[in-house]
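> sequence first, then the predicted structure:
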Amino acid sequence: MRNAHFSFMAGTAVALVLTAASTVGASPFNQDSSYVSPSTTRAPEQFGRSPTEGTTRSAAPQRQPRRDTRDYEPQAPVQQRPTTQSPQTRNNEGQNPAGQNANAQATQYRAPVLTKPQTTAAPIITAPAQQPIQSVTPAYAPRTPAPAPAPVNLVPMPAEPEMPVAEPMRPAVSEPVRPMMNEPVRPAPAVVNEPPAKPTVTAAPERPGIPDQQVGDRIKELVAGKRLERMFSRKNEHDAAVAAYTANRFQPLWLSNGNMNERARAAINHLRNIEADGLDPSDYPTPTFNAMNAEGLAEADIKLTATLLTYVRHAMSGRVHFTRVSPNIDYKDQFDANDAMKQIASSNNIERTLEGFNPQQPAYKALKAKYAELRRSSDSESRIPGGPVLRAGLVDKKGKEAFMTDQRVPMVREKLGLPAGDDRYDRSVADAVAKFQKSRGLKADGQLTAITIDTLNGPSRQKRIDAILATMERWRWMPRNLGAAHVVLNIPDYHLRVYKDGQQIWMTRVVVGLPTKATPLLTETMKYITVNPTWNVPQSIIYNELLPVYESSDPNIFDRMGLKVERGANGDIRVFQPPGERNALGRIRFNFPNKFLVYQHDTPEKHYFAQEKRAYSHGCMRVQDPFKYAEVMLSLGAPKGGYTQEAVQRMLGNDEKQLDFQNHIPVHITYQTAFVDDAGKLQFRDDVYGLDSKYLSIIRGSERSQADVKIEQPKDPNFQPTAEHKNRMQSAARGGNPFNLFEQLFR
């Protein structure tokens, strides 16, 4: 310690020895003058993955850095402050000023005692409490957010008592308070709302360069060996990567002179921020590129390529394969590993290229923007609480009109768009409630019941988020190009819309399949329209519906419905209904051949279109205004024909007519429980087939790890009669029933 008071003892060797010993003990350098390097700590992984506790290593003078070629880490290593402190810092950690241990204190000279200037205690300062971070439960793994930090009371230390100075060396000077060595001043954390700011990859200090050619030689060895196969989850992705590296002469794609290049940082940044598309960043681990040899860097380069191919497959085909959600879904795979790999390898703007693999339809982008708004919002919206049933039309004992009063009535008025008023549940409020109930398919009695309150409130914030995430996933299953002219039918919304050049040109109501006979999700092309169609009764309806009725209660059901029966060459029975007004398909049918044998058609049962929820069919889609629909579709598919709805209606009769399209029109049967309407408002619909629930149970459950793996489905999803079914039909036909067609056919 340079401030120690020494007696001037000329020629005293003991004092010199003690002084030299004190100086050596306080030096931050080793005896060979090499500096003790600071420890480094690996930053814990982010995005909800289980953090790995950082390990601190103090590097010895001659120790080589540890080689690490396999660790994955979502960000570059962060260097912490050194653990080697100066003598003053060690004094704060319990050692004496000279850097010696306590046993050596007896040999030291006593230093003069300095007087610390007395200070006045500062007032207590309370830091403002942070606002809590809004928590969003993502589809992939719900997690509990960290609690907001409690207010911090900054209390000044009490002033030390004044002590006498033995031999003052200099006047006492009051100095400003400074941070201790190696302890930088840290500002208070800012208040953060969801979603957080996009994380970025900070460039790590560059190491001495390892030539790309050396890394390329190791890549070439990996490509020629078997280890490469273990880095890829799919063979087609492995083969695409091999082709790309071979075409690039085995040079690394993500390294420059042994260090991560800008393309790699941009790609990793994109993977860090894919929560905006409803995906989980923890599904896409990225290497750290901290290996100190060519082999480790080669592996890291290939691992980033493998991760990016997995991400692109999920962006184009879904994080959950549709075959796991329902057998009534059929989409063509949009992911081409070779094409994706070529785009990745040649891209000059990798972040824009990766973003381009996500759905680009305007409906998806609008939903994504609303999802971002919802993540930033709080769950403080006004919701009507439960309570007793409210009704109007009451009278008191004197026969005068009486009213129920309730504090919820003003909230009901606000939800229904009524003028502000008092808390009386009068006739005007009850009438508005009845109108709302009718529009939602509820019993329109004007009473404020529990189910009416739930419908008025709509889904909770978490349910809205879930609906958006599930719908965004289903957009990933669909084709990227919907077609210049195309049809979109949204099952939960019970509407069909026709688009041309990105603009909606027509819309109508539809009836879709019952939950037990769900309309399938698919994309096919409409090729022709049939006027005066023949209805071939599906096998499932013949054996599961008509035959039981015939056997149990109505032996005339076939004749009464005007059905004809024929035996096919393979022995199967064909039941059909010829053209006419009684045809179950109505007078016109819209054909887009598909494996589910469903189509869109007219119907004689018009009353169903008045219902708000219209899931009543056997799977086909009934159109409310079929002849106008025919005019619109023929104007797109057969524009030279000059067809109008009046011209189509004049074709009605008993002869089947087919109107072929020269331009085939894509038809997309979708399931959007969340969408943005034409006015820019976010809309939600009931999960009528339970597809949202199924998706969420997969992505949040035990099936998650293999959720993107396709499972086999029946090649023919339609009903196939068993031998027992056919024997029952044979017996019914021979039973002397009044349906003479059966008797003639089987006698």
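Cool, got the structure.
> and the next helix or strand past the longest helix anywhere in the chain?
In the chain, assigned by DSSP state H, the helix with the most residues is helix 294-317. The helix or strand immediately downstream of helix 294-317 is strand 329-330, counting by DSSP states H and E.
> list of residues touching that next one?
322, 323, 477, 520, 521, 522, 594, 595, 596 (Cβ atoms under 8 Å, 6 or more residues apart in numbering). The way it works is simple: take the backbone N, C-alpha and C, and place the C-beta from them, glycine included.
> please repeat the previous calculation with a cut-off of 6 Å.
322, 521, 522 (Cβ atoms under 6 Å, 6 or more residues apart in numbering).
> same question for stretch 713-722.
Identification of contacts with stretch 713-722 by Cβ under 6 Å, 6+ apart yields 323, 327, 539, 540, 543, 596, 597.
> what is the rounded mean pLDDT of that stretch?
Stretch 713-722 shows a mean pLDDT of 75.
> now that stretch: buried residues?
Within stretch 713-722, the residues that count as buried by 16 or more other Cβ atoms under 10 Å are residue 721.
> likewise for stretch 671-681?
Under the neighbour-count criterion of 16+ other Cβ under 10 Å, stretch 671-681 has 671, 672, 673, 674, 675, 676 buried.
> which residues does the fourth one bridge with?
Read it as residue 674. Following DSSP bridges, residue 674 is listed with bridge partners residue 684.
> okay, it and residue 667: tell me how far apart.
22 Å (Cβ to Cβ, to the nearest Å).
> show me the strands in the stretch 301-450 of the chain, by range?
With DSSP state E, counting those that start in this stretch as the criterion, the stretch 301-450 of the chain has strands at 329-330, 394-395, 401-402, 404-405, 424-425.
> CA atoms only for stretch 469-483, dumped as CSV, please.
Extracted in CSV, the C-alpha atoms of stretch 469-483 (Å, rounded to 0.1, in the frame of the first residue of the first chain):
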residue,chain,number,x,y,z
LEU,A,469,-52.5,-19.4,-34.1
ALA,A,470,-54.6,-22.3,-35.3
THR,A,471,-55.8,-20.4,-38.4
MET,A,472,-52.3,-19.2,-39.2
GLU,A,473,-51.2,-22.8,-39.1
ARG,A,474,-53.9,-23.8,-41.5
TRP,A,475,-52.8,-21.1,-43.9
ARG,A,476,-49.4,-22.8,-44.0
TRP,A,477,-51.1,-25.9,-45.4
MET,A,478,-52.6,-24.1,-48.3
PRO,A,479,-51.2,-23.3,-51.7
ARG,A,480,-49.1,-20.1,-52.0
ASN,A,481,-50.8,-19.2,-55.2
LEU,A,482,-54.6,-19.1,-54.8
GLY,A,483,-55.2,-18.2,-58.4
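> identify the residues contacting it?
So stretch 469-483 is contacted by 139, 278, 318, 322, 331, 359, 364, 523, 666, 671-674, 692, 695 (Cβ under 6 Å, 6+ apart).
> kindly indicate which of those residues lies nearest residue 298.
residue 318 (31.6 Å; Cβ to Cβ).
> count the neighbours of the closest residue to the closest one other than its chain neighbours for me.
In space, and not counting its chain neighbours, residue 318 is closest to residue 476: 4.5 Å by Cβ to Cβ, 6 or more residues apart in numbering. When neighbours are defined as other Cβ atoms under 10 Å, residue 476 has 25 of them.
> same thing with residue 391?
Residue 391: 15 neighbours (other Cβ under 10 Å).
> the one 3 residues further on now?
Using other Cβ under 10 Å, residue 394 is surrounded by 11 other residues.
> same thing with residue 712?
6.
> and it, which of the three is it?
Using DSSP: H, G, I helix; E, B strand; the rest coil, the structure places residue 712 in coil.
> what's the distance between it and residue 324?
Relative to residue 324, and taking Cβ to Cβ, residue 712 is found at 11 Å.
> distance of residue 293 relative to residue 651?
Distance from residue 293 to residue 651, by Cβ to Cβ: 78 Å.
> same question, residue 464
According to Cβ to Cβ, residue 464 stands 47 Å off from residue 651.
> between the two, who's got more neighbours?
A side-by-side neighbour count of residue 464 and residue 651, using other Cβ under 10 Å, places residue 464 first with 19 against 15.
> that one sits in which helix or strand?
Assigning secondary structure by DSSP H and E places residue 464 in helix 461-477.
> which is the succeeding secondary structure element to that helix?
Helix 461-477 is succeeded, C-terminally, by strand 485-490 (DSSP H and E).
> what's the longest helix of the chain packed up against?
helix 212-224 (3 or more Cβ pairs under 6 Å, 6 or more residues apart in numbering; DSSP states H and E).
> ok, and for the helix or strand following the helix it packs on, which residues are buried?
Following helix 212-224 in sequence order, the next helix or strand is helix 235-247 (DSSP H and E). For helix 235-247, a neighbour-count test (16+ other Cβ under 10 Å) marks 237, 238, 240, 241, 242, 243, 244, 245 as buried.
> next one: stretch 400-411
Buried residues in stretch 400-411 (16+ other Cβ under 10 Å): 403, 404, 406, 408, 409, 410, 411.
> and the residues you listed, which is the shakiest by pLDDT?
residue 403 (90).
> pretty sure it contacts residue 424?
Yes: under the criterion of Cβ atoms under 6 Å, residue 403 makes contact with residue 424 at 4.3 Å.
> between the two, what contacts are shared?
Residues touching both residue 403 and residue 424 (Cβ under 6 Å, 6+ apart): there are none.
> which strand runs longest in this protein?
strand 657-670 (DSSP state E).
> contact partners of it?
Strand 657-670 has contacts (Cβ under 6 Å, 6+ apart) with 483, 485-490, 521-531, 592, 636-638, 651.
> report the angle between that strand and helix 461-477.
Put simply, strand 657-670 runs at 130 degrees to helix 461-477, going by axes from the mean of the first three to the mean of the last three Cα atoms, to 10 degrees.
> average model confidence for strand 657-670?
97.
> what's the answer for stretch 535-546, then?
Rounded mean pLDDT across stretch 535-546 is 79.
> what's the answer for stretch 487-496, then?
98.
> still on that earlier bit, what's the farthest-apart pair in the contacts of stretch 469-483?
Greatest spacing in the contacts of stretch 469-483, by Cβ to Cβ: 139 and 666 (28.2 Å).
> and those two? Which one has more around it.
Applying other Cβ under 10 Å to residue 139 and residue 666 shows that residue 139 carries more neighbours, namely 23 against 19.
> got the buried residues for the one helix or strand residue 565 maps to?
If you go by DSSP H and E, residue 565 is part of strand 564-567. Across strand 564-567, burial judged by 16+ other Cβ under 10 Å covers residue 565.
> any idea which helix or strand comes after it?
Counting by DSSP H and E, what follows strand 564-567 is strand 573-577.
> each with direction, which strands does that next one pair with?
strand 535-536 (antiparallel), strand 564-567 (antiparallel).
> what's in contact with the first one?
Read that as strand 535-536. By Cβ under 6 Å, 6+ apart, strand 535-536 touches 576, 577, 583, 584, 585.
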